[in-house]
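Asker: I would like to see how this sequence folds:
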Amino acid sequence: MSPRQVAIVAALCASPAVAAENVVDTHGDTLVLEASSFNDFTWLGRGGFFHSDQMRVTERFTRQGDVMLYDVTVEDPEVLAEPYVFPTRTIRRNPNPDAGLLSERGNCEVYELEDISSQIRH
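Answerer: You can find the predicted model right below:
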């Protein structure tokens, strides 16, 4: 199977200000998502880690039998001295066919109002 690239624009984002451009690719048994074209109005995680508009996020999903390996790398030459590579997350398939799916919340919740951080605070 040869690699195939599909350009995706995040049209379902609540605000176009936080939309990023995504490219999806396959490398063998790995699905690779590369996100770029961010702006610097958002932050990463609940800790409020800021980033620049140069940030690129690469996610890799690799299936090995009943296990999914999830890898994330964040690159931002304006903020990070070197790429930040998250530890590989191992997700195991639930063998119970009646496990069901958890419903996803349809609305965004803000739960950090007391601890809002900004680039000035960092």
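Asker: Any stretches of the protein with poor pLDDT?
Answerer: When residues are selected by pLDDT under 70, those of the chain lie in 1-20, 100-122.
Asker: For it, which segments count as helices?
Answerer: Using DSSP state H, the chain contains no helices.
Asker: Residue 31: how many residues sit nearby?
Answerer: When counting by other Cβ atoms under 10 Å, one arrives at 15 neighbours for residue 31. All C-beta spots, glycine's among them, are computed from the backbone N, C-alpha and C.
Asker: List the beta-bridge partners for the closest residue to it other than its chain neighbours.
Answerer: Setting aside the residues directly before and after it, residue 31 is nearest to residue 61 in space (Cβ to Cβ, 6 or more residues apart in numbering), at 4.5 Å. On the basis of DSSP bridges, residue 61 takes part in beta bridges with residue 31, residue 70.
Asker: Neighbours of residue 76, how many?
Answerer: A count of neighbours around residue 76, defined by other Cβ under 10 Å, yields 21.
Asker: again but with residue 51, I slipped
Answerer: When neighbours are defined as other Cβ under 10 Å, residue 51 has 21 of them.
Asker: does it really touch residue 44, like I thought?
Answerer: Yes. Between residue 51 and residue 44 a contact is recorded at 6.1 Å, counting by Cβ atoms under 8 Å.
Asker: Mutual contacts of those two, please.
Answerer: The contact sets of residue 51 and residue 44 overlap at residue 74 (Cβ atoms under 8 Å, 6 or more residues apart in numbering).
Asker: before we move on, back to that, what residues does the residue nearest to residue 31 make contact with?
Answerer: Residue 61 makes contact with 30, 31, 32, 33, 68, 69, 70, according to Cβ under 8 Å, 6+ apart.
Asker: hmm, 7 Å instead?
Answerer: Residue 61 sits next to 30, 31, 68, 70 when contact means Cβ atoms under 7 Å, 6 or more residues apart in numbering.
Asker: List the contacts of residue 32.
Answerer: 25, 58, 60.
Asker: Swap in 8 Å and give it another go.
Answerer: Residue 32 touches 24, 25, 26, 58, 59, 60, 61, counting by Cβ under 8 Å, 6+ apart.
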